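[1] No letters, just coordinates:
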């Protein structure tokens, strides 16, 4: 119950007027001093009481009239509880169609469309509907409308995708829609109800209080086979007899004999056949012939195709390009720092680098532009010509990792960048004899890899003064910078405030050293480390691939460019929205990436019926318990009581006139 | 008719001097009746009577007293009953008046006129004002200045509280030691049985009583056209009265009360006169003279 204009209630104070008038009327005109009441009897009093009652009726009518008038102006409304309106008022039907890859299985999609059509056809008077597509995310395809023709057109233009979906996204969208909706909501979920589409938490499936859930299953037969993985190194350079192994998974209740065929750049490499047990897996190992230099497209095809052919083809890129050389420059080129760094670089899981080391004197004859990365290990006094070439290369997009050891500290200035350095600092007397890593910038890839710095002990370091525009991915526990990234033209220099020789710190002996070296090298050199393939819908990191280069371009499976000119310079990532081969062009070379459907879509196992029943009851159960979570219940259109009051007011006026006239007639008769 | 007009209470109300009122009333009445101013008064000697307290000393026959050492007063032919005691009810109900003259005003006029008329007839006049008790008393004597004293008391009379006739009548037995006339002016809102019970002792004492029953016109026929809240002027009690009851039942009850009072009073040998305060006072005066004549 509420009032739209509550201040009009003050008008109810006017009831004092008839009260006063009635009191005045009862006293002044009627009071009559008389000599003696000796001859008046009780019977007289009874008659008077009857007359009083009639007056009270008139007074009551007048009071009621004024109160009704004040109330009518105050516009009272009755807020109906949501439970009272479900089923009693027009609904908003949210029809969510599963558009994930699994809906391409057999005739599921056709049945889903027919189900949605029948829902639209059965809309009641005043009902509205909105069409959602669930997969890869949730797309709202129409406004809430009762125009079934418009809904039908939107439905006709819809097709299943190759992406994965999750029911949690649908419920989240329904919560948002229901929160803005006053009418009750009914969610029609048309899906094959894959178990793999269920969110991790059941709580994410809980419906808002005013929503009902209608499940329209279009599943059924679900025998499926899919190539769900490729094992083996796709980095072929240097391997004598590389082997790739395709794993075929069975999601069927019976065994089947399947053939897997490998094609590289369109040429069939070979076919293998074997029986795949029911619900099991089988591996198909292919010896890979020496492909041409660079990247190749490898496709593993499963035959005969089943009712979901999209997951019978697996794409991956094979990399047979020469490894990128990395030059480490130290004072004499044969110190322990070179040993530690080389060992860590070659231990990287996706190492694509060829290590070279040189002393400062040897480096004077080298061209830095030949290298993907130059590492300066406490190389404080570079030969002038080399330093100039190195600076020019970095400004053109090259990358340098500089470790600042004792030699750099003596110069008080870093080579190449000229950062001011202070004396080697150790821990203060009386405190711990070393420093450990402190604050880290988790958004920086090197900092994420350096998370393992924690156990490392830094006994000595040089204090760097970051310049404007520099970033500090990692600091020591006392706040001094440990890693500083400095931009030079189009290139980058990563400054490490200690050494790699296990003297100033024990970092080379900790588990964090290998990932640090590997990640910093790929970060600076612009390597992806993708392994040749990615899952549909994943994000491609352009920043890493851009490296020191000024731009990067992504070409989609159908040959279209994914980035505009400005995006190629600024955009940090792009979503891989289509299956097929993507080509990433940058730094003077191109990289291939095979994009495949999410293997979880291949598992067509449906959700257990009990789980569906539990899910269906969430909206209703929450409403009954009054403990609904998530979206607020919708507000029903309130009953406008003031209209009823106006009717009562008119009745009260008529009654008052009748009673008033009756009293008037009685007075005249007396 | 002109002289009768002067007896109209509405006109008398405008006269501030109560003596002037009395003189106007009596002279007008006597003139209208074509009677001699000496009506009922005689200079012819009738007999001697032993002096008693209250007798006018001017009528003491000093010669007889010198000879006999006894004091006698002379009595004349027109003088048969020389004591008139006027009892005026000053209770609250007497303050009621539906027009310019209240019942107490009317009672004042009537009492003053009776006193004036009696004085002119050389009657001794006394006055008692009462309500629930005796408020003022002037013994019945015949003295030149006594009339002014009575008029003065009447002038100050005000309606006060309730009515209780037993109290003044019981007190009157102690005040009046000689046989005489007693004129009681009241609205008699009292049970007739109680009145009779009280006056019975007076009658046995040899007093001749006349009851002037004053009623306002609206007390006889109330003019109530709508339900009214009636307030008792003596007790303050309130009672709501319907117009129907006031128009149909009340007059019957009032008439029955007056008739019962008249009958019960007559049964005790007293006279009863009902006076409407809207009517001239001559009816009262005439009744008094007839009454006086009958008692001679």
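    Great, that's in hand. None of the values given here were measured: they were computed from a predicted structure.

[2] Now for chain A, the helix or strand with the poorest mean pLDDT.
    helix A:82-85 (a mean of 51; mean pLDDT, DSSP states H and E).

[3] Show me the strands in the stretch 301-450 of chain A, by range?
    Along the stretch 301-450 of chain A, counting by DSSP state E, counting those that start in this stretch, strands occupy A:313-319, A:324-330, A:353-359, A:373-377, A:399-403, A:437-440.

[4] same deal with the stretch 101-250 of chain B?
    For the stretch 101-250 of chain B, the strands defined by DSSP E, counting those that start in this stretch cover B:124-130, B:134-141, B:181-186, B:208-215, B:228-232, B:238-241.

[5] Now tabulate these in TSV and tack on distance to residue A:11 and mean neighbour count.
    Using the backbone N, CA and C atoms, a C-beta is placed for each residue, glycine as well. Formatted as TSV, these follow (distance: least, C-beta to C-beta, whole Å; neighbours: other C-beta atoms under 10 Å in any protein chain shown):
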stretch	distance to residue A:11	mean neighbour count
strand B:124-130	60	25
strand B:134-141	58	18
strand B:181-186	58	26
strand B:208-215	53	23
strand B:228-232	32	20
strand B:238-241	34	19
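
[6] Figure out which of the ones you listed is closest to chain A.
    Across those, chain A has its closest neighbour in strand B:238-241 (3.5 Å, C-beta to the nearest C-beta).

[7] need the contact list for the closest residue to chain B within the stretch 401-550 of chain A.
    Nearest residue of the stretch 401-550 of chain A to chain B (C-beta to the nearest C-beta) works out as residue A:537 at 92.0 Å. Residue A:537 makes contact with A:136, A:163-164, A:575-577, A:598, according to C-beta atoms under 8 Å, 6 or more residues apart in numbering or on different chains.

[8] and these, which are buried?
    The neighbour-count test (16 or more other C-beta atoms under 10 Å in any protein chain shown) marks A:136, A:163-164, A:576-577, A:598 as buried among those.

[9] who's in contact with stretch A:229-239?
    Counting by C-beta under 8 Å, 6+ apart, residues outside stretch A:229-239 touching it are A:242-247, A:283, A:288, A:290-291, A:298, A:300, A:314, A:316-323, A:350, A:352, A:531-533, A:599.

[10] Pull out the buried positions in that stretch.
    Neighbour-count burial for stretch A:229-239, counted by 16+ other C-beta under 10 Å, picks out A:229-230, A:232-236.

[11] Turn these into JSON lines, including distance to residue B:245, secondary structure and pLDDT.
    Output for these, formatted as JSON lines (distance: C-beta to C-beta, whole Å; DSSP: H, G, I helix; E, B strand; the rest coil; pLDDT from 0 to 100):
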{"residue": "A:229", "distance to residue B:245": "112", "secondary structure": "strand", "pLDDT": "88"}
{"residue": "A:230", "distance to residue B:245": "116", "secondary structure": "strand", "pLDDT": "89"}
{"residue": "A:232", "distance to residue B:245": "122", "secondary structure": "coil", "pLDDT": "83"}
{"residue": "A:233", "distance to residue B:245": "123", "secondary structure": "coil", "pLDDT": "79"}
{"residue": "A:234", "distance to residue B:245": "120", "secondary structure": "coil", "pLDDT": "80"}
{"residue": "A:235", "distance to residue B:245": "123", "secondary structure": "strand", "pLDDT": "79"}
{"residue": "A:236", "distance to residue B:245": "127", "secondary structure": "coil", "pLDDT": "80"}
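
[12] Can you tell me which of those is closest to chain B?
    So of those, ranked by how close each gets to chain B (C-beta to the nearest C-beta), first place is residue A:229, at 105.1 Å.

[13] Residue A:374 bridge partners, please.
    Beta-bridge partners recorded for residue A:374 (DSSP bridges): residue A:327, residue A:400.

[14] Identify the residues contacting it.
    A:326-329, A:368, A:390, A:393, A:398-401.

[15] Let me have these in TSV, extended by distance to residue B:96, pLDDT and neighbour count.
    Below are the contacts of residue A:374 laid out as TSV (distance: C-beta to C-beta, whole Å; pLDDT from 0 to 100; neighbours: other C-beta atoms under 10 Å in any protein chain shown):
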residue	distance to residue B:96	pLDDT	neighbour count
A:326	132	89	25
A:327	135	91	23
A:328	134	91	27
A:329	135	91	30
A:368	134	88	21
A:390	132	91	28
A:393	131	88	22
A:398	128	84	28
A:399	125	89	24
A:400	127	92	28
A:401	126	93	26
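
[16] Report the two of these separated the most.
    A:328 and A:393 (15.7 Å; C-beta to C-beta).

[17] Residue A:440 is in contact with residue A:451, correct?
    Yes. Shown here, residue A:451 and residue A:440 form a contact pair, counting by C-beta atoms under 8 Å, at 6.6 Å.

[18] neighbour count winner among these two?
    residue A:440 (20 against 14; other C-beta atoms under 10 Å in any protein chain shown).

[19] before we move on, the earlier item: most tightly packed of the strands of the stretch 301-450 of chain A?
    strand A:373-377 (a mean of 28; mean count of other C-beta atoms under 10 Å in any protein chain shown).

[20] Between strand A:353-359 and that strand, find me the angle.
    Put simply, strand A:373-377 runs at 40 degrees to strand A:353-359, going by axes from the mean of the first three to the mean of the last three C-alpha atoms, to 10 degrees.

[21] Please, which helix or strand holds residue A:110?
    Following DSSP states H and E, one finds residue A:110 within helix A:108-121.

[22] Which is the succeeding secondary structure element to that helix?
    Next along from helix A:108-121, by DSSP H and E: strand A:128-134.

[23] what residues does that next one touch?
    Residues outside strand A:128-134 that contact it (C-beta under 8 Å, 6+ apart): A:90-100, A:116, A:119-120, A:123, A:138-146, A:148, A:151, A:154-155, A:158, A:165, A:167, A:169-170, A:173, A:177, A:183, A:191.
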